[in-house]
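**Q** turn this into a model:
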Amino acid sequence: MAADASKILVKEVNYNCPICEKKHKVEVYEEETKALVKKKPIEYKEIFYFCPKSKEEFYPEKVLDQNLIRARDSYKEENGFLTSSEIKEIRNYYNLNQKEFANLFGWGDITVQRYENKCIQDETYDEVIRRAKDDLIFVYEELKKHKDKFTEKRFKEIEVFLKEIIKKRQVQYLKMRELKALYIDYNEPNEFN
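**A** Take a look at the predicted model:
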């Protein structure tokens, strides 16, 4: 491959090369590229493999999936949505699998799976997930509202977990709410800020 400043060698791996049909070291590169996502041009870092023997690039299936997630996450970031990994991080905070996290809000079983893997959530879903990140009482109320989506045992486990977190963070939570209330008049520039 000709030297190209936009292409960065990430690593070399032993791989069954689909180009020359032999297992050997192939190079893994990353480069800045553009794609259309929801009819908008989006820049993102794409991964591709390079066979040094045949001098050809190729994209294994798992890399195609990763690139799709990268492009869509760039779109999400650019448009103020949570990325796939941020959604997963929020879900993991509550020790819930994808189906349980979706059931918590009364959504379809695979809704969260889609948003963590390839799809772009709409604003309403994004706001609910953001709220879940910061508002433990909201999450607890959603759990109670959708109790029928869980087995009795699993409901109790999640309920106990949430109550423990709420008790630990209640003082911090109340202080943050108090500070927000105190500074509500200072969101606009004035002589005091």
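**Q** please name the residues that touch residue 144.
**A** residue 159 (CB atoms under 8 Å, 6 or more residues apart in numbering). Where C-beta positions appear, they are placed from N, C-alpha and C, glycine not excepted.
**Q** how close does it get to residue 150?
**A** To residue 150, residue 144 is 11 Å away according to CB to CB, to the nearest Å.
**Q** where does pLDDT dip in this protein?
**A** 1-5, 187-193 (pLDDT under 70).
**Q** change it to 90
**A** Applying pLDDT under 90 to the chain flags residues 1-6, 117-118, 134, 166-193.
**Q** can you list the domains in it?
**A** 7-78, 84-184 (automatic domain parsing).
**Q** the shortest one: end-to-end distance?
**A** Start-to-end span of domain 7-78 (CA to CA, to the nearest Å) is 23 Å.
**Q** mind checking the longest helix of this structure?
**A** Using DSSP state H, we find that the single longest helix of the chain is helix 152-182.
**Q** how far is it from where the chain is centred?
**A** 23 Å (CA atoms, centre = their mean, to the nearest Å).
**Q** repeat for stretch 142-153
**A** Relative to where its chain is centred, stretch 142-153 has its mean C-alpha point 25 Å off (CA atoms, centre = their mean).
**Q** try stretch 117-132
**A** Centroid separation between stretch 117-132 and its chain, computed with CA atoms, centre = their mean, is 10 Å.
**Q** who's in contact with that stretch?
**A** In contact with stretch 117-132 (CB under 8 Å, 6+ apart) are residues 37-38, 65, 68-69, 72, 75-76, 81-82, 84, 87, 90, 94, 104-105, 107, 111, 115, 138-139, 142.
**Q** what sits against residue 54?
**A** 17, 19, 20.
**Q** for residue 162, grab the count of nearby residues.
**A** For residue 162, the count of nearby residues is 19 (other CB atoms under 10 Å).
**Q** ok, residue 128 next?
**A** Residue 128: 16 neighbours (other CB under 10 Å).
**Q** which among the contacts of residue 54 end up buried?
**A** Among the contacts of residue 54, the ones that count as buried by 16 or more other CB atoms under 10 Å are residue 17.
**Q** find the nearest non-adjacent residue to residue 72, please.
**A** residue 120 (5.6 Å; CB to CB, 6 or more residues apart in numbering).
**Q** if we can go back for a sec, mind giving me a markdown table with the contacts of residue 54 and columns for secondary structure and distance to residue 134?
**A** Converted to a markdown table, these look like this (DSSP: H, G, I helix; E, B strand; the rest coil; distance: CB to CB, whole Å):
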| residue | secondary structure | distance to residue 134 |
| --- | --- | --- |
| 17 | strand | 47 |
| 19 | coil | 49 |
| 20 | coil | 52 |
